[in-house]
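Peer 1: turn this into a structure:
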Amino acid sequence: MTGSLLDSGEVIFALWSATNRVLQRRLSSDLVCRPSFETVATRPPQDEDFAGPANASAYERRAPSGRACILPGHAPSDSVAASSNIFDDRTVPSEPLSLPLARFTLVEVNDRPVAPCLRLATSLAGKIAADLGAAVLKIEPPGGDPVRRMPPLLPTGESALFHFLNTSKRSVVLDLDSESGRASLQRLLGKADAVLFEEPASVASLARTSRATPIEIAAFPVEMDAATRPVSELVLQALGGLMHMIGEPARKPLKLGGHQASYAAGLTAFTGLAAALAAREAGQRAPAVRVSLAEVVQWVNWKAASGAAATGASPGREGRNSEFQVVPCRDGHVAVVYTLTQWPALRRLIADPRLEDPRFATRAGRRQHIAALYEILTPWFADKSREEIGRTAQAKGVPFGPIFTPAELLANEQYLARSFLAEVAHPTADRLLMPQLPVQWNGRSFAPRPAPSLEQAELAA
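Peer 2: Predicted structure coming up:
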């Protein structure tokens with residue numbers, strides 16, 4: 001099982017009530033990056049704001065499992081002195097560790113209300129860069145990024161989604177409808193390596209022609225001339241063919257949970273960003289990067305379109321005719337999955353002589369007689385727990401998947417061993433558990449800093 005970005009805002013919300021109890025068991029020391037909540041003087045951004053990246057240093061701690069963890073941002077301290085610069089309130093640790101993107105500076109522009117699916121993609125691309133050490137400055141409109149008010153909401157009234165998507169960033173409020181606001185943005189872009197923004201954007205022409213490499217996130221390909229077309233996660237999954245494949249064949253198609261189009265596009269935008277930064281560092285002229293969510297959805301679902309082109313038939317909702325199904329067990333459900341080479345191991349696991357029937361000897365035969373096959377398989381699960389099924393199946397080399405609730409992930413053996421849920425400080429709610437990036441750097445993980453509060457955002461122009 002691997003870490004996932006499936007719907008981390010929902011996961012954070014579900015974990016909230018159990019956090020304090022579990023933290024007492026898991027962590028015995030206060031080794032987290034505490035945010036600074038200083039009052040920053042109101043002024044336009046200055047050249048020195050890009051004197052160096054906010055995450056130029058990192059801090060190593062040892063998790064209970066003995067794994068190292070890189071924490072970008074502030075060193076542990078009870079207070080951080082007030083600063084007049086956006087990026088200069090950092091302390092040099094006793095044992096500095098270099099973060100992969102610490103030498104890069106990025107601007108993430110959120111200048112006007114756009115479809116949430118676009119904003120979430122932009123925010124995720126910036127989050128990954130920030131957690132990997134880049135100095136990411138988030139430009140928010142007066143009143144703040146609307147994602148700050150998107151559900152699910154924590155008991156404090158804050159958005160769990162915003163907290164997840166904006167870790168390790170700094171924030172500044174700019175009125176980009178004003179001449180002074182655009183002038184401030186132009187100064188910042190003149191010092192940045194790249195700029196993330198959405199289409200449509202009132203400052204698109206400025207972002208595309210600045211020194212910073214433009215990373216543009218749009219709903220549709222540029223050839224469609226559809227910048228103002230209404231769009232949503234649901235619409236994109238429908239247009240991209242994903243919904244045609246989800247659900248029961250006799251019922252209407254279903255949407256995948258979470259923000260799948262947005263997050264896949266955010267990962268794609270980060271890929272383009274990383275390639276652009278590599279080109280700049282190599283002395284090449286980095287081309288403009290553009291990502292459209294509609295194309296991303298088709299790309300991640302490539303097998304369906306390729307299969308339709310090859311066979312003339314579109315893969316669809318199979319329901320009870322599906323080769324792999326979810327079956328009930330004593331305390332929940334389990335996903336029944338196996339490969340062609342694991343069929344003998346599955347037969348030994350279930351230990352029912354009826355599985356020796358020649359009808360089931362080949363994959364084609366099993367698919368043809370799928371109802372009869374599951375009549376044999378399903379009763380084996382009924383009196384067993386998910387934990388027992390998972391343990392027994394793993395011992396036999398069969399990858400059955402017990403289905404967990406978000407709250408159960410707190411006690412999941414793999415996540416505990418990896419310290420995957422990092423402790424993040426919060427100004428009013430003590431601490432949050434936040435998923436770390438599902439990637440390691442020389443055996444180390446990247447623990448995020450807290451998302452900036454609107455009170456921390458520097459008011460400028």
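
Peer 1: identify the residues contacting the residue lying closest to Arg348 once chain neighbours are set aside.
Peer 2: Take Arg348 and drop its neighbours on the chain: the residue closest to it by CB to CB, 6 or more residues apart in numbering is Lys396, 6.2 Å away. Every C-beta, even on glycine, is put in place using the N, C-alpha and C of the backbone. By CB atoms under 8 Å, 6 or more residues apart in numbering, the residues touching Lys396 are 345-346, 348-349.

Peer 1: okay, these in CSV with neighbour count and pLDDT next?
Peer 2: Below are the contacts of Lys396 laid out as CSV (neighbours: other CB atoms under 10 Å; pLDDT from 0 to 100):
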residue, neighbour count, pLDDT
Ala345, 16, 97
Leu346, 20, 97
Arg348, 12, 96
Leu349, 21, 97
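
Peer 1: ok, those residues vs Ser205, which is closest?
Peer 2: Within the contacts of Lys396, distances to Ser205 taken as CB to CB reach their minimum at Leu346, with 59.2 Å.

Peer 1: which residues does the one helix or strand that closest one maps to contact?
Peer 2: For Leu346, the element it lies in under DSSP states H and E is helix 343-350. The set of residues that contact helix 343-350 without belonging to it, under CB under 8 Å, 6+ apart, is 338, 355-356, 363, 366, 376-377, 380, 392-393, 396-398.

Peer 1: helix, strand, or coil at Ser171?
Peer 2: For Ser171, the reduced secondary structure class is strand; criterion used: DSSP: H, G, I helix; E, B strand; the rest coil.

Peer 1: list buried residues within the contacts of helix 343-350.
Peer 2: Neighbour counting over these (16 or more other CB atoms under 10 Å) leaves 338, 355, 366, 377, 393, 398 as the buried ones.

Peer 1: and the furthest pair within the residues you listed?
Peer 2: Using CB to CB, those span at most 17.9 Å, a distance reached by Arg366 and Ala393.

Peer 1: and the strands in the stretch 201-350 of the chain?
Peer 2: For the stretch 201-350 of the chain, applying DSSP state E, counting those that start in this stretch gives strands covering 213-218, 289-292, 326-329, 332-335.

Peer 1: turn those into TSV, including mean neighbour count and mean pLDDT.
Peer 2: Rendered in TSV, the data for those read as follows (neighbours: other CB under 10 Å; pLDDT from 0 to 100):
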stretch	mean neighbour count	mean pLDDT
strand 213-218	25	96
strand 289-292	21	96
strand 326-329	16	97
strand 332-335	16	97
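
Peer 1: with distance to Leu409 added, can I get those strands in JSON lines?
Peer 2: Output for those, formatted as JSON lines (distance: least, CB to CB, whole Å):
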{"stretch": "strand 213-218", "distance to Leu409": "29"}
{"stretch": "strand 289-292", "distance to Leu409": "30"}
{"stretch": "strand 326-329", "distance to Leu409": "18"}
{"stretch": "strand 332-335", "distance to Leu409": "14"}
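
Peer 1: and the residue nearest to Arg348, how far is that from Leu437?
Peer 2: 33 Å (CB to CB, to the nearest Å).

Peer 1: please apply the same query to Val173.
Peer 2: Using CB to CB, which is the criterion applied here, Val173 is 27 Å from Leu437.

Peer 1: what does Ser232 give?
Peer 2: Applying CB to CB, the value for Ser232 to Leu437 is 27 Å.

Peer 1: please apply the same query to Ala219.
Peer 2: With distances defined as CB to CB, the gap from Ala219 to Leu437 amounts to 26 Å.

Peer 1: higher neighbour count, the two?
Peer 2: When Ala219 is set against Leu437 and neighbours are counted by other CB atoms under 10 Å, the residue ahead is Ala219, at 29 against 20.

Peer 1: wait, Val296 touches Ser262, no?
Peer 2: No - the pair formed by Val296 and Ser262 falls short of the contact definition of CB atoms under 8 Å, at 9.3 Å.

Peer 1: Ile139 - that's part of a strand, no?
Peer 2: Yes - judged by three-state DSSP, Ile139 forms part of a strand.

Peer 1: what about Ala282, neighbour count?
Peer 2: The number of residues packed near Ala282 is 8, by other CB under 10 Å.

Peer 1: can you count the residues close to the residue lying closest to Ala304 once chain neighbours are set aside?
Peer 2: Leaving aside its chain neighbours, Ala304 sits nearest to Pro315 (5.0 Å; criterion: CB to CB, 6+ apart). By other CB under 10 Å, 15 other residues sit near Pro315.

Peer 1: with Ser453 instead?
Peer 2: Going by other CB under 10 Å, the residues that sit close to Ser453 add up to 18.

Peer 1: am I right that it is in a helix?
Peer 2: No - under three-state DSSP, Ser453 sits outside any helix and is assigned coil.

Peer 1: what sits against Ala305?
Peer 2: With contacts taken as CB under 8 Å, 6+ apart, Ala305 has the following neighbours: 241, 298.

Peer 1: how close does it get to Cys117?
Peer 2: In this structure, Ala305 and Cys117 are separated by 21 Å, where distance is defined by CB to CB.

Peer 1: check Phe104 too.
Peer 2: With CB to CB as the criterion, Phe104 and Cys117 are 26 Å apart.

Peer 1: hang on, the earlier thing: from the contacts of helix 343-350, which two are the most distant?
Peer 2: With distance counted by CB to CB, no two of the contacts of helix 343-350 lie farther apart than Arg363 and Thr392, which are 23.7 Å apart.

Peer 1: tell me how far the strand or helix carrying Gln414 is from the chain's mean position?
Peer 2: Secondary structure here is read from DSSP H and E; on that basis Gln414 sits in helix 413-418. On the basis of CA atoms, centre = their mean, to the nearest Å, helix 413-418 sits 19 Å off its chain's mean C-alpha point.

Peer 1: just the C-alpha atoms of the next helix or strand after it, please, in PDB.
Peer 2: Elements were assigned by DSSP H and E; along the chain past helix 413-418, the next helix or strand is strand 421-425. The C-alpha trace of strand 421-425 is given here as PDB (Å, rounded to 0.1, in the frame of the first residue of the first chain):
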ATOM      1  CA  LEU A 421       1.500  11.500   9.000                       C
ATOM      2  CA  ALA A 422       3.600  14.500  10.200                       C
ATOM      3  CA  GLU A 423       2.800  16.600  13.200                       C
ATOM      4  CA  VAL A 424       2.200  20.200  12.100                       C
ATOM      5  CA  ALA A 425       1.800  23.100  14.500                       C
END
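
Peer 1: okay, now the sheet partners of strand 421-425, with direction.
Peer 2: Applying DSSP bridges to the sheet, strand 421-425 is found paired with strand 431-435 (antiparallel).

Peer 1: tell me the mean pLDDT over the strand it pairs with?
Peer 2: Model confidence over strand 431-435 averages 84 on the pLDDT scale.
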